[in-house]
Structures are given as structure tokens and as C-alpha cells.
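Using only what follows, build the 3D model:
(chains A, B and C, ligands or ions: 21)
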Amino acid sequence: PPSEEPSKSSQKEQEHPKPVPVEISRDGKDVHVKLTAQQQRIQIAKGVEYPAWTFNGTVPGPVLKVREGDRLHLQLKNMDSKMNHSVDIHAVNAAPDKHFADVQPGKTDEFEYEVEDPGVYMYHCATTPMMEHVANGMYGMIIVEPKEGYPTDQAVDRTFTLTQSEWYKGRDMEEDRPKYVAFNGVAHKYDAARPLKAKAGERIRIYFVNAGPNEMSSLHVVGTTLDRVYVDGDPRNSLNGVQTVTVSPGGGTVVEFEVDEPGEYTIISHQLNQFSKGAKAILKVTR
Amino acid sequence: PPSEEPSKSSQKEQEHPKPVPVEISRDGKDVHVKLTAQQQRIQIAKGVEYPAWTFNGTVPGPVLKVREGDRLHLQLKNMDSKMNHSVDIHAVNAAPDKHFADVQPGKTDEFEYEVEDPGVYMYHCATTPMMEHVANGMYGMIIVEPKEGYPTDQAVDRTFTLTQSEWYKGRDMEEDRPKYVAFNGVAHKYDAARPLKAKAGERIRIYFVNAGPNEMSSLHVVGTTLDRVYVDGDPRNSLNGVQTVTVSPGGGTVVEFEVDEPGEYTIISHQLNQFSKGAKAILKVTR
Amino acid sequence: PPSEEPSKSSQKEQEHPKPVPVEISRDGKDVHVKLTAQQQRIQIAKGVEYPAWTFNGTVPGPVLKVREGDRLHLQLKNMDSKMNHSVDIHAVNAAPDKHFADVQPGKTDEFEYEVEDPGVYMYHCATTPMMEHVANGMYGMIIVEPKEGYPTDQAVDRTFTLTQSEWYKGRDMEEDRPKYVAFNGVAHKYDAARPLKAKAGERIRIYFVNAGPNEMSSLHVVGTTLDRVYVDGDPRNSLNGVQTVTVSPGGGTVVEFEVDEPGEYTIISHQLNQFSKGAKAILKVTR
Ligand SMILES: [Cu+2]
Ligand SMILES: [Cu+2]
Ligand SMILES: [Cu+2]
Ligand SMILES: [Cu+2]
Ligand SMILES: [Cu+2]
Ligand SMILES: [Cu+2]
Ligand code: NA
Ligand code: NA
Ligand code: NA
Ligand code: NA
Ligand code: NA
Ligand code: NA
Ligand SMILES: [Zn+2]
Ligand SMILES: [Zn+2]
Ligand SMILES: [Zn+2]
Ligand SMILES: [Zn+2]
Ligand SMILES: [Zn+2]
Ligand SMILES: [Zn+2]
Ligand SMILES: [Zn+2]
Ligand SMILES: [Zn+2]
Ligand SMILES: [Zn+2]
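Ligands and ions are numbered 1, 2, ... in the order given. A predicted model of the protein is given here:
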């Protein structure tokens, strides 16, 4: 069909179309999500652009929020003119060859599955070579809210979502160290000029995913202990009073803490080479 | 004695004798195990051979299964003509200089200890330089079944044992990245032509050890959450609904999950450079 | 004031003054601690000296012990003639820009905060560039004893404190591997000639911190399982029967085990390249 074989003149446009906003709609327990796979030049650090492979034109892709027991109808429109792409969602129980299947260039497919397990999960493109699809930007976070909530829900005043990931300079991602390590796609994104914000006395919850592709993360908040950690975001996996949480690539966690007084707290990976490379976010707390 | 000073003609044979199958026998609570230390050329990836140092001619060495409270009588016959070797078993409480002692070339020694703690453990050669003895293949898994079993024993339909490890190209294992990362000794071992197999609807348990020697593992199963994780394999250390489990080199874990429908699930390390280097196993699920 | 502007002749002395012992005094719930920041040539391996940046002239800095609910008055005297330094304490809840603030060369400041959360924590200099201040030696351990103690306190016969850290050869700590990995500052510090010591039958507790700055640790004791692990040192975070504990840089743990018979046990990081580089401590157990 014509729509899949663009004329030469529209080729360049097709490779780099505008980001297509995600569409999410709910009908009872059925949640319909429309994702795109599309190449996009994005900023990954101050003054640094990268020709990323993305979901919906952003890295990370859109944060998806559903509830335990929902049925997810996930449409993937592959706007890439050359490569297959796909969506592997850690939150579901489904045969990957069928439910995480490759979508060919120019095609659109829909996948369905139930989200049975509460938590905070990575989703990502799983098309071969998977390491490259992830390293080039195809990942995001899906939150599956527990049916009965978290035991600490009432106490939480404010939530953030942070996805850690690595940006590589060359293509030897098997051997090299990342050039940048980012929270939400951009190294040093939430700096003093553009911090995350909260009020003194608030209890903060962070939904955190480590998208990797290769390195562990050591989540830490300068200026506070983590009163509560839900390992992988499951309300049954509870730790208390933790300074630093190990999060595997492909893993996630929910952490909560209080910021008692005004000031600048910094959320970091305590692997300090990652911190140096951009894995930090200032949380500015005011009265 | 002659058996320790081989004639020149038999030298080569002695360096690379046939793999000697492990012998395991039980007498009440006493379990007798006969291991060998022997050099062996083995396959570590498609078309790639490696002059490994092994237990019983295979990498990993034989999986040992005992019960909490057993007394283990472990014989090590060192068939190597030049190097000392030994067995360090993580499952036991015993003075290493006595119970994990070096066995000289051509000698056979026996070691005894109780296995008091349930779990899934690494065993390995601990002879100096230990990193090399492990990197060259001298490790395996020992499962100590809990006296009262796991709370989920009744629900499990099928079990697998997987040991992750790294293969290095040169001898600079302190600085270099591994060339291959393998499950059960061979990179990409359980591919589409030779997958692990299960039936739809089954509950699967994996006994997992990360033998390293150097890198963390991030155990993940594409297409399912891990309903249950026993940290280090102890039934008292229970996590629920986990997407990815961090396993240190020298550590282990027991994970359980259900494969609800037919298809190809893949067990991986979600450190995707490890996945690229071979740390994956296809689990083919049929009706 | 003259004390801040040393004459040229005393300059060299000022750069490398004698280590100033920490002063700790208690008045009810108020604990007063006097730390210095001072450059010091120290030994980091056999025959290897390093121009370290230190707290009180040693690496790691002094172990601090307080009780949950104490109020800490922490004085930092910056004896460095050129650089700012600071103290970031993981144990407290306090605005970092105020309570972990930089102290200028030659100045002395005091910081106050409550220590509300029990555990074993890292403290470190957080002055920019933080990775270098940590890599050059500015870290230590603070133990916050739980108000009600640990459930296993009565059974413990002997305790040790161990801080793991990395020493780098050049300044490219973002890309390079460490040259040495040390327990308590010196690679291979507790060797056969200078082991840690215990008696057969004792129950041992180790307070452990991984100061990094970059690498995970895999804490293991050759010859025993860890009967009890308190994740991050919180008595509520309890694991049983663990062979190897993952500890993030910037994290800590409390582990307990029994040494049933005389012999040489070895405490290691089971990332064996770290072990090779010095991350080990012999524990000599006698009758
Ligand atoms: Cu893709
Ligand atoms: Cu994945
Ligand atoms: Cu050996
Ligand atoms: Cu070991
Ligand atoms: Cu400093
Ligand atoms: Cu810190
Ligand atoms: Na704590
Ligand atoms: Na706090
Ligand atoms: Na979950
Ligand atoms: Na499942
Ligand atoms: Na165990
Ligand atoms: Na023991
Ligand atoms: Zn639908
Ligand atoms: Zn299905
Ligand atoms: Zn608090
Ligand atoms: Zn015997
Ligand atoms: Zn013994
Ligand atoms: Zn399930
Ligand atoms: Zn004071
Ligand atoms: Zn304050
Ligand atoms: Zn015991």
C-alpha cells in the first residue's frame, strides 16, 4: 500500500517525523494505548544531540499507568522505514513470540494482555539486536498500581518517575563504558536551573526503573534515608530505612522518603562515575 | 607411586583424559561424592573450543543435590599433572584451610562436612590464583533441599538448573570484559534448535548460580514475572512478583514462574551486553 | 587570621601535617565529633604510597558510633590549604546544601542533625567533583545502633568493621578499572601475617560499607554461610542463610556468622577481580 512505500521526497520526513503523542484511553478494565516507534533527533546532554530510536519521539517513552487486573490493548505503529520494532512489557505474562512480536516498517499491530502483577516495570523494544534497540532509546516505564494500593499510599504527598539509562558514543556497547548516564533521557537534566520540586515536610515517592542496557544502578537520595523501599515495586516486598538501593538493568523499585526542611536534595546513582556522567536530579524543596 | 609419575608417552593422555563421570551415593544421611579435577578441551560457543580446567570434564561441574542435615563426604581426585586444585563449597561451615585444602597433582583426598543451610550454592576451586581457576571453568552448583521443603514445592511442575559464568579471551581477567557469558558453560547454548522445554500452564522453578568470576547477573525471564524469588535459595527469604533479580558472582537464587501459554520464553541476564555475549536460554513451551 | 594564611615555610607542613586523631565526646543524647579534612601520604598496598585526601589522616576515616535518636554535632576542620571539603552523612535527614555544606580551606564549621535511622552508613566528602574526593580517600563508616538493638545482639561475641573501596592509578576514574580494591584502605591488609582474629565457636558480626566510588561489592566469607543479614543494617530488614551479599557503592550491610572450628576463614568480595586486587581479609580462628 502507498502509505508503506513513501515517495523519495517524503522519505526524509518519514525518518524524522514529529513526535506523535501517546494516546491512552480507558473503558472499564480495558486500557487502550497507542505507541509509535519512530526515529527522532533528541537532546541527551547539554549541547549534545543523538539520532535516537524512540517510542513516540521521546526517550524514555511515555510513562504508562494501569491498575492490577486491567487488560492492556497496546497498539504499536512502526513509523520507521527500515527496521522492525516491538514492545516487551515486563509487567505481563504472555508468550513473547506472539505478544511481543516484531512489527515491520510502516505496519501497525495490536497486542493484548492482562497486567496481573503490581509494580514498576520496564518496557522496551526487544527486536534483535536488542542491546542496540535499548541503547538507542527504546524503553519506558509502566506502573501497575496494586489493587489494594500500597500500605503507605495515604502518607505520600508527591510522586516522581525516573528512568535511568546509558548513552554510548560508538557502537561497541558490549565493551565500552557509557558516555552519559541519564535520568529521564538527558544527562544532568534536572540541574539547579530546572530542578524537580517539592515542599518541606512532604513525603515523596519515586517510581524508578533502570533501563540499562548494561550497568547496575545504586539509587540514593542525598540528605535522606529511604524510609520505605518496595523491591521491584511490589507492596509485599518491603524494606525499611535504606540508604542506597541496588537496581539491576531491567529492574525497578519504588522508594519513599521525607524531605523535612527546605534545601537542595539530589537523587543520584551512587556509582559515582554514573553520577559524574549525568545520573543525578536535583530536588528543590521549598517552604 | 607410578600413578603419580606418568611416563612421557602417557603424558598427553593424562592431560586430557576422558571426562570421568561424577559418582554420587547415599547411605542414610551420608552422601559420598567423587569429583575429579581434570583439564578438558570443551566447547564454549558455536565453533569455539577452550582448554578448560574442569570438575569431571564438564563446565559447569556436576550439579550436586543433597538435603539439609546431610553429611557430605567429598572426594577430589586431582588428575591434573601440574597444578593443585581444591573444592570450596559455599553450602558448608568448615575451616577452609582444612576442608577446602589443595590437592596435589595426581593425589586424591576426601573432605567431610555437614550441609546445614538450605539453598542453592556455588562450589568452585579455590586454589591460588582463584580468579583463574574459576575463569577457566572450575565451578558448579550444589542444591541443599530444605528439611521442610519450600512452601511452594507442591505447585512446581518442572525445574531447571542454570549456572551463569564468563569466558575470557586473554589472561587479563582483572581488566578485560568477558568475551562470552554463558548459561551452563556454553554461550547461546539453549537456542531455538536446542531449547529448554516445558508445557503450557506449568509452574517452573529455576535453581540459579552466578559463578562469575567478575560480573553481576540480572536474571530475567522474557514473557513473565517471577511469582516467587527465594533470595540465595533460602525458603525464609521470600520475594514476590519480581521482574529481574540481581545475583552477585558467588551467589545464587531460586525463582519460580508460570508459563501460561505456548510460545518461546527466553531466560536472560538483563545486562544486555551479557545477553549479547550468550547469557540466554530459550524455554520452548508447548501444549 | 594568621592561622589561615600560613607563611611559605610552613606551607609544606600544612599540606601534610600529622594525622589529627578524631575527638568524640558524649553529653546525654548529644554527641560531639571533631573531624579534620587533611591531605596525607598513606600506604594503600605493600610498598605503595598514595597522596590521599583524608578525614583525620586515615583512610577510611574514623568509625563513628552513635545511637538511634542521638543528636550529632559534627565539626569539620578543613586543614587543606587549597580545596573545599565537606561531610555527607547517609545516616541523617537534613538539607544537604546547609548541613553538608563545603568548608573552605583553613576554616572550621559545625553541623548538627539527628540520627533517626538505625543502620550502618557511609559518610564521605561530597564536594565537587565528588567522585574524586571519594576516590582519593574521603569516606568512612557511621554505625547507628538501633534503639532496641538487633534481635541477635545477645548471641554476638565479636564485631569487626570493614569498608571496601577502590584505588585508581590515574585520574580517569570514569572509565578505568581500579588498580586496587581494599578493605579498610589497604589492599591485602589483613593477610596471614596480620589477620583479623577470633575464637572457635564465636558468632561474628561485620559492619560493612562499600565506599566505591564505582563498583558493586559481593561480600562473602569463605568457610561459612551468613546466618543473618540485615540489609543496610536495619534490624527490620532480615535475611537468613545467605552465601554472598550484594552491596552497592554508597550502601552497607550487617552480617553475622559462626566460625565453628579453628582455621583461616577469608572475608572477600566474590567479584574475583576485586579479590585479586586486594579485597580480602583473613580471619584467623583459634581455640
Ligand atoms: Cu526497536
Ligand atoms: Cu526486558
Ligand atoms: Cu583449580
Ligand atoms: Cu566462593
Ligand atoms: Cu573533600
Ligand atoms: Cu553518599
Ligand atoms: Na537504615
Ligand atoms: Na528523610
Ligand atoms: Na511485580
Ligand atoms: Na507467568
Ligand atoms: Na542458604
Ligand atoms: Na558458620
Ligand atoms: Zn484491543
Ligand atoms: Zn496470550
Ligand atoms: Zn523519617
Ligand atoms: Zn567419608
Ligand atoms: Zn571441620
Ligand atoms: Zn502468576
Ligand atoms: Zn553543637
Ligand atoms: Zn536542618
Ligand atoms: Zn550456623
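
Tell me where the model's unsure across chain A.
Along chain A, segments meeting pLDDT under 70 span A:1-16.

again, only using 50
Chain A contains residues with pLDDT under 50 at A:1-11, A:13.

Next secondary structure after the helix or strand hosting A:Gln75?
Under the criterion of DSSP states H and E, A:Gln75 resides in strand A:71-78. Per DSSP H and E, the first helix or strand lying C-terminal to strand A:71-78 is strand A:88-89.

so A:His32 touches A:Asp70, yeah?
No. At 10.6 Å, A:His32 does not count as touching A:Asp70 under the criterion of C-beta atoms under 8 Å. Yep, even glycine has a C-beta here, placed from its N, CA and C like the rest.

who has more neighbours, these two?
Comparing A:His32 with A:Asp70 by other C-beta atoms under 10 Å in any protein chain shown, the one with more neighbours is A:Asp70, at 20 against 16.

need the contact list for the more buried one.
A:Lys29, A:Asp30, A:Val31, A:Glu114, A:Val115, A:Val144 (C-beta atoms under 8 Å, 6 or more residues apart in numbering or on different chains).

Which two of these have the greatest separation?
Greatest spatial distance in those: A:Asp30 and A:Val144, 14.9 Å, computed using C-beta to C-beta.

Looking at these two, which is more packed in?
A:Val144 (28 against 12).

What is the strand or helix carrying that one packed up against?
Assigned by DSSP H and E, A:Val144 belongs to strand A:139-145. If contacts are counted by 3 or more C-beta pairs under 8 Å, 6 or more residues apart in numbering or on different chains; DSSP states H and E, strand A:139-145 sits against strand A:64-67, strand A:119-124, strand A:158-167, strand A:203-212.

how about the second one, does it reach chain B?
So that's strand A:119-124. Yes. On the criterion C-beta under 8 Å from any C-beta of the partner chain, strand A:119-124 is in touch with chain B at A:Gly119, A:Tyr121, A:Met122.

What are the structural domain limits within chain A?
A:14-145, A:153-286 (automatic domain parsing).

highest average neighbour count across the ones you listed?
Scoring these by mean neighbour count under mean count of other C-beta atoms under 10 Å in any protein chain shown gives domain A:153-286 as the most buried, with a mean of 22.

mind checking how far that one is from the chain centre?
Offset of domain A:153-286 from its chain centre (C-alpha atoms, centre = their mean, to the nearest Å): 12 Å.

does ligand 1 sit close to that domain?
No. If you take C-beta under 5 Å from the ion as the test, domain A:153-286 misses ligand 1, and the best it gets is 12.3 Å.

Between the two ends of that domain, how far is it?
Domain A:153-286 has an end-to-end distance of 23 Å (C-alpha to C-alpha, to the nearest Å).

Stretch A:179-199 now?
Terminal-residue distance, stretch A:179-199 (C-alpha to C-alpha): 34 Å.

for stretch A:268-281, same thing?
First-to-last residue span, stretch A:268-281, C-alpha to C-alpha: 6 Å.

any idea which of the residues of strand A:119-124 next to chain B is the one closest to ligand 8?
A:Gly119 (23.6 Å; C-beta to the ion).

Bridged to the closest one, which residues?
According to DSSP bridges, the partner residues bridging A:Gly119 are A:Val144.

how about A:Phe180, what does it touch?
Careful, residue A:180 is Tyr; it's not Phe. A:Tyr180 neighbours (C-beta under 8 Å, 6+ apart): A:Ile44, A:Ala45, A:Val48, A:Glu166, A:Trp167, A:Ala187, A:Lys277, A:Gly278.

Stretch A:188-206 near ligand 8 anywhere?
No. Figure legend: stretch A:188-206 not in contact with ligand 8 (C-beta under 5 Å from the ion); closest approach 8.7 Å.

Okay, whichever residue of chain A sits closest to ligand 14 and chain C: tell me how far apart.
With C-beta to the ion as the measure, A:Ala94 is the residue of chain A nearest to ligand 14, at 4.7 Å. Remark: distance between A:Ala94 and chain C (C-beta to the nearest C-beta, to the nearest Å) = 30 Å.

and that residue, helix, strand or coil?
Each residue gets one of three states, and A:Ala94 gets coil by DSSP: H, G, I helix; E, B strand; the rest coil.

Let's test this: what are the backbone torsions at the nearest residue to it once chain neighbours are set aside?
Of all residues not flanking A:Ala94 in the chain, A:Tyr113 sits nearest, at 4.3 Å (C-beta to C-beta, 6 or more residues apart in numbering or on different chains). Dihedral pair for A:Tyr113: phi -170, psi 160, per degrees, to the nearest 10.
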